[in-house]
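Novice: What follows is a protein structure lacking sequence information:
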């Protein structure tokens, strides 16, 4: 009897023979259909292998290297100290007198506690602490060359994931609502659209043009959706791109705004990688700046996070969204939703505060700038190293990353590999061919990457997403292991 | 023109004359219908008054006292030090060498960093760190007199609010699904049932019997719902009660389990106030223990939080749920939902770890026990002080609190007050009469409480919920101001 059959026929069946309230057969279709590959089959298998390694079992590798997720601290990131020093003092104000903590960090902590006398154990305003939103607004205004920013239009959240969930909940008023979604996409979007019972309307990014946004493709996707009776309300744009690493030009962005203006479409701008820019010819420009410059009235919800950029403070969970051209009555409903969840966590709010208003004393700001620049320079170099490696290997081809934290190489799978993939079964189903490749990579090298099929891709193509986050030693291991694996793979199947 | 009309006819209308993607008229009915009184009209008015005070405006009071929300640090709670000391060290490991931090806190931090080498900036397992869940499981097993607890069935979350949201998402597979909900209830439940497009099936707690659960009432509510074609899948039980302060007896709990067994109903046990027990004759007993002792197969999802009890660490946002008698296939779907949101914040996880596995060295455990006992003893005394005050006032009547953090007094509104309330308008609507009373209280005293109508109450009755959290000086002010207010109110209207 399979595991599945066992648990279905288990003692959880009620006495009446009807299914129990929570059984597989009683779950909502929206939940069952939602997929999230970043923590899907491959990472789950990786967890199992990690346990084997810990138990002393002998495997073809001595460590798991997680390239499946943008989680820098898990792969050796160096700590940026200032926010941690401030946090220590606000958590335990006795430390305000400890001289080994830099004076500016202690002073900043004093200021925070003055503005937030109830302290870290207290709930905050549901949109986040006012002084933090003030700092965010000043940061956004500086970034956008003076375009005004109102702290009252900012909602802090438990990371950008919560933003996406709230925004889609508001947009998807009935099952005919569609959301234009880049393919490949970050699968949070497809998962949340499905959970909210909306329609995913894919638009494909152009791999051969370094994953550029193609407005003709957008128009096609839109008019096809309309023909199917889909009410397209919004477009998701991830810039810099996840998983593609592409960065949009001002001209591309203006085209998108024109398209949205014409078709009454709201822009969901996922700008969490705005600091992760590696090509000086492709600077980050925010959608807010473009919309403001064009004097367009297109509605925009843009987001940012402490988890990416140079901070990489994923575990502390904080993000924000800014509402632009959204009526106050709708804002009031966002507020209501936020208040049902009470508030985002205080620690993440403080880290966001420091990200947006970094230290200024000579003692701390120099260290801050050094740590920030080193982190971003490292990321740039590692992206190039991995890009070069991948493009040197048979069967793999990769576009360079101008931004973000990922490469999304294509895998040219030989016929023999495709045939073998067809025979693989995971939970009774044939997985996508790129899952086959990713699982082989994992089993033989310990490297965890995510199959492209989890992100959306042109049918018939195969890809994987890998971060370029691992620190020096681990990155060397990735390169060695990947090179050996792919060479052998192509020898075996090619 | 009203604010509402203004924002509807604003420039956000698209060029085509059709509504913009996010406008009041395009929002989902589920969002519009959801209500959450704890941060509703009264607290919003309180925010406005607070700003006036800060701006130096003269009001009939010199401070706002927030009794609307279980947020102890906002009203003077004393810090429980040990978790904060550990947090400081895990955030900034340089502090591991600072001798003014107690040795056990530093040792605990070292242990945490050994088990979690990536550190606080890293995402964790989507269910929460394994060693934390291990400590939670040990705590639950101790609490339940040895009933086994599997860490794998525990999901850490961003507070109990997230548990409720996830559980209802899983249960409400279509709009015919109903959830038995206590009236009065914590309005998170009614809000989340509405957001998930399910049906609220109220069962009334018996005020005259100290808000006891009445199984006949439950059976009535259930059979009436069935007649209406509602598919009742689950019952919410808040024990100790919010807002009622009642604590269930083992016998009452066994009756509920029998009822659920007979009718194939899952129990959602909100047990976040399990430490907040003030009557030694009414100890807290978990539903898990009762179900296990009865050898019942009733499905149970129970929850706990760091925000309540003696910790009151609301701002750090952490809770957990335990799945009991839930099939693995359903658990896998909970895991998928959790993984879409990546993971709960690390800081909250560490505080939960310490709550479940407190310090043991003579240096730290003595302080811990003292702080814990003083906090709980204070709460007990304050509950009695406020209870006595309220029952001494004309027009108010209150049941004692055996547990939790709230009193839910009834307000007997004189005819003249009801007539005046009828003429009040908030956003164009006549508010419930108890809103009238709460707003008068706020405007004249600065005390913030929540109208009973936000919690559900027997039609024709009026109540308010107040915490008894304010520390000594503030509690004195509450008593003085409330006494003066209610005396004058009854003189004016009575």
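Specialist: Cool, got the structure. Note that the coordinates shown come from a computational prediction; the quantities given were computed from them, not determined experimentally. Numbers count the residues shown, from 1 in each chain, chains lettered A, B, ... in the order given.

Novice: Number of residues surrounding residue A:214?
Specialist: By other Cβ atoms under 10 Å in any protein chain shown, the residues close to residue A:214 number 17. Placement of C-beta: from N, CA and C, glycine included.

Novice: That one - nearest residue in space that isn't next to it in sequence?
Specialist: Distances taken as Cβ to Cβ, 6 or more residues apart in numbering or on different chains place residue A:206 nearest to residue A:214, at 5.0 Å, with adjacent residues excluded.

Novice: Pop out the phi and psi values for that neighbour.
Specialist: phi -90, psi 100 (degrees, to the nearest 10).

Novice: Name all residues that make contact with it.
Specialist: Counting by Cβ atoms under 8 Å, 6 or more residues apart in numbering or on different chains, residue A:206 touches A:212, A:213, A:214, A:217.

Novice: likewise residue A:445?
Specialist: For residue A:445, the contacting residues are A:60, A:61, A:481, A:482, A:484, A:485, by Cβ under 8 Å, 6+ apart.

Novice: one step back: if the residue nearest to residue A:214 is in a bridge, with which residues?
Specialist: Under DSSP bridges, the beta-bridge partners of residue A:206 are residue A:212.

Novice: okay, it: pLDDT?
Specialist: In this prediction, residue A:206 carries a pLDDT score of 96.

Novice: same thing with the one 10 residues further on?
Specialist: The model reports residue A:216 with a pLDDT of 95.

Novice: my read: residue A:450 touches residue A:36, true?
Specialist: No. Residue A:450 lies out of contact with residue A:36 (Cβ atoms under 8 Å); the separation is 10.0 Å.

Novice: between the two, who's got more neighbours?
Specialist: Between residue A:450 and residue A:36, counted using other Cβ under 10 Å, residue A:450 has the larger neighbour count: 29 against 23.

Novice: Mind listing the residues bridging to that one?
Specialist: Under the criterion used (DSSP bridges), residue A:450 bridges to residue A:465.

Novice: can you list the domains in chain A?
Specialist: A:33-76+A:369-493, A:123-356 (the TED database).

Novice: so which of those domains is the most packed in?
Specialist: domain A:123-356 (a mean of 21; mean count of other Cβ atoms under 10 Å in any protein chain shown).

Novice: Quick one: distance of it to the chain centre.
Specialist: Distance of domain A:123-356 from its chain centroid, counting by Cα atoms, centre = their mean, to the nearest Å, is 12 Å.

Novice: Could I get the average pLDDT for the helix or strand containing residue A:488?
Specialist: Using DSSP states H and E, residue A:488 maps to helix A:472-493. What helix A:472-493 shows for mean pLDDT is 95.

Novice: and it, what other elements does it pack with?
Specialist: strand A:65-66, helix A:362-392, helix A:415-423, helix A:433-445, strand A:447-448 (3 or more Cβ pairs under 8 Å, 6 or more residues apart in numbering or on different chains; DSSP states H and E).

Novice: want to throw those into JSON lines with mean pLDDT?
Specialist: Formatted as JSON lines, those follow (pLDDT from 0 to 100):
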{"stretch": "strand A:65-66", "mean pLDDT": "93"}
{"stretch": "helix A:362-392", "mean pLDDT": "94"}
{"stretch": "helix A:415-423", "mean pLDDT": "91"}
{"stretch": "helix A:433-445", "mean pLDDT": "95"}
{"stretch": "strand A:447-448", "mean pLDDT": "96"}
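
Novice: Identify the residue nearest the geometric centre of chain A.
Specialist: Nearest residue to the geometric centre of chain A (Cα atoms, centre = their mean): residue A:186, 6.2 Å.

Novice: Relative to chain B, how far out is that residue?
Specialist: Going from residue A:186 to chain B by Cβ to the nearest Cβ, to the nearest Å gives 11 Å.

Novice: just residue A:380 next, same as before
Specialist: Distance from residue A:380 to chain B, by Cβ to the nearest Cβ: 21 Å.

Novice: Next, see if stretch A:233-247 gets close to chain B.
Specialist: Yes. Interface with chain B: stretch A:233-247 contributes A:233, A:234 (Cβ under 8 Å from any Cβ of the partner chain).

Novice: gap between the two ends of that stretch?
Specialist: For stretch A:233-247, the first-to-last residue distance is 24 Å (Cα to Cα, to the nearest Å).

Novice: Let me know whether stretch A:322-342 sits next to chain B.
Specialist: Yes. Using Cβ under 8 Å from any Cβ, stretch A:322-342 reaches chain B at A:325-330, A:333, A:336-337, A:339-342.

Novice: What about these, which are in helices?
Specialist: Applying DSSP state H to these, the entries found in helices are A:328, A:329, A:330, A:333, A:336, A:337, A:339, A:340.

Novice: Does the residue lying closest to residue A:215 once chain neighbours are set aside lie in a helix or a strand, and which?
Specialist: Using Cβ to Cβ, 6+ apart and skipping the chain neighbours, the partner closest in space to residue A:215 is residue A:255 (4.6 Å). In the assignment (DSSP H and E), residue A:255 maps to helix A:250-263.

Novice: what mean pLDDT does that helix have?
Specialist: 97.

Novice: got a list of contacts for that helix?
Specialist: By Cβ under 8 Å, 6+ apart, helix A:250-263 touches A:212-213, A:215, A:218-219, A:222, A:232, A:235, A:237, A:239, A:248, A:265-267, A:285, A:287, A:290-291, A:294, A:296-298, B:15.

Novice: Next: stretch A:240-247.
Specialist: Contacts of stretch A:240-247 (Cβ under 8 Å, 6+ apart): A:70, A:182, A:184, A:186, A:205, A:210-213, A:239, A:270, A:272-274, A:276-277, A:279, A:282-284, A:383, A:399-408, A:455, A:465.

Novice: Quick one: residues contacting residue A:130.
Specialist: A:115, A:151.

Novice: Correct me if wrong: the residue nearest to the centre of chain A contacts residue A:455.
Specialist: Yes. Using Cβ under 8 Å, residue A:186 makes contact with residue A:455 at a distance of 7.3 Å.

Novice: In three-state terms, label residue A:310 for me.
Specialist: coil (DSSP: H, G, I helix; E, B strand; the rest coil).

Novice: What pLDDT is listed against it?
Specialist: Each residue has a pLDDT score; the one for residue A:310 is 94.

Novice: Residue A:17 too?
Specialist: At residue A:17, the pLDDT value in this model is 67.

Novice: How about the residues of the stretch 251-400 of chain A by chain B?
Specialist: A:261, A:264-266, A:297, A:299, A:312-317, A:325-330, A:333, A:336-337, A:339-348.

Novice: From residue B:372, how far out is residue A:31?
Specialist: 39 Å (Cβ to Cβ, to the nearest Å).

Novice: List the backbone torsions phi and psi for residue A:283.
Specialist: The phi/psi pair for residue A:283 (degrees, to the nearest 10) is phi -70, psi 160.

Novice: if I pick the residue nearest to it when sequence neighbours are not counted, what's in contact with it?
Specialist: Nearest residue to residue A:283 in three dimensions, chain neighbours excluded: residue A:277, at 6.2 Å (Cβ to Cβ, 6+ apart). By Cβ under 8 Å, 6+ apart, the contact list for residue A:277 reads A:240, A:247, A:283, A:284, A:376, A:402, A:403.
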